[in-house]
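Student: Quick one: sequence and predicted model below, then my questions.
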Amino acid sequence: MATNGDQSANLIKEYRHFVHEGLMFASRRRYELSHEFMRLELQISAMLFAFAGLLLGFIASLPNLYIRSGLAAVLFCLAASMACGLYHIKRNEQAWNDEVKDRQLKFNKWQQTIDRGGTFEEARAFHAGVSRGISEVISAPLWSWILQSAFLGLAVALLFGLALTFLFS
């Protein structure tokens with residue numbers, strides 16, 4: 001594709017703008033995930049402490065070992081669910097960090113082309129080369145989300161079972 005000087009400069013600026021928009025989106029998403037991670041960690045920690053504080057004193061005095069063991073299993077499942085969920089969010093954050101780095105490389109090349117008067121074809125070739133090295137899908141592994149859901153479901157089922165055992169004993 002042969003272009004004259006003005007068309008080439010305009011194309012370079014448009015591609016630079018396009019890459020910059022992607023960079024800004026990835027950057028915003030990275031910070032959103034960081035914020036979600038902090039908030040989730042605090043919410044789950046508060047829930048665990050409140051739950052443990054409310055039930056431990058009461059259940060520890062019960063002679064029934066099954067109820068005390070059940071509460072320990074519930075707390076373990078909730079802690080494991082929290083750990084898997086936090087790991088999943090941190091992996092998402094890492095994936096978005098990688099996306100930001102890749103987009104920053106592209107943006108810097110387009111900016112460099114504008115600053116030193118390179119050609120559109122040269123910058124486009126660099127962009128295509130960098131794009132080939134980027135994975136198509138950015139996501140955390142699903143196993144952490146599946147384990148998080150399984151542990152949380154098990155904890156809820158155990159809590160329900162404990163409630164029924166306590167009510168009918």
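Tutor: That came in fine, so what should we check first? Numbering: from 1, shown residues only.
Student: Which elements pack onto the longest helix anywhere in the chain?
Tutor: Ranked by residue count and defined by DSSP state H, the top helix of the chain is helix 5-60. Packing partners of helix 5-60 (3 or more CB pairs under 8 Å, 6 or more residues apart in numbering; DSSP states H and E): helix 65-116, helix 120-132. Just so you know, the C-beta spots here come from the backbone N, C-alpha and C atoms, and that holds for glycine as well.
Student: The longest one to helix 5-60, inter-axis angle?
Tutor: To tie it back to what came earlier, the one meant is helix 65-116. 170 degrees (axes from the mean of the first three to the mean of the last three CA atoms, to 10 degrees).
Student: tell me what helix 65-116 is packed against?
Tutor: So helix 65-116, by 3+ CB pairs under 8 Å, 6+ apart, packs with helix 5-60, helix 120-132, helix 142-167.
Student: of all those helices, which lies closest to Asn97?
Tutor: Closest to Asn97 of the helices and strands packed on helix 65-116 is helix 5-60 (CB to CB; 5.8 Å).
Student: quick one: that closest one to chain centroid distance?
Tutor: Relative to its chain's centre, helix 5-60 lies at 7 Å (CA atoms, centre = their mean, to the nearest Å).
Student: what about that helix, average pLDDT?
Tutor: Across helix 5-60, the average pLDDT comes to 74.
Student: And for the closest residue to Ala123 other than its chain neighbours, the neighbour number?
Tutor: Distances taken as CB to CB, 6 or more residues apart in numbering put Thr113 closest to Ala123, at 4.0 Å, once the chain neighbours are dropped. Counted with other CB atoms under 10 Å, residues neighbouring Thr113 total 23.
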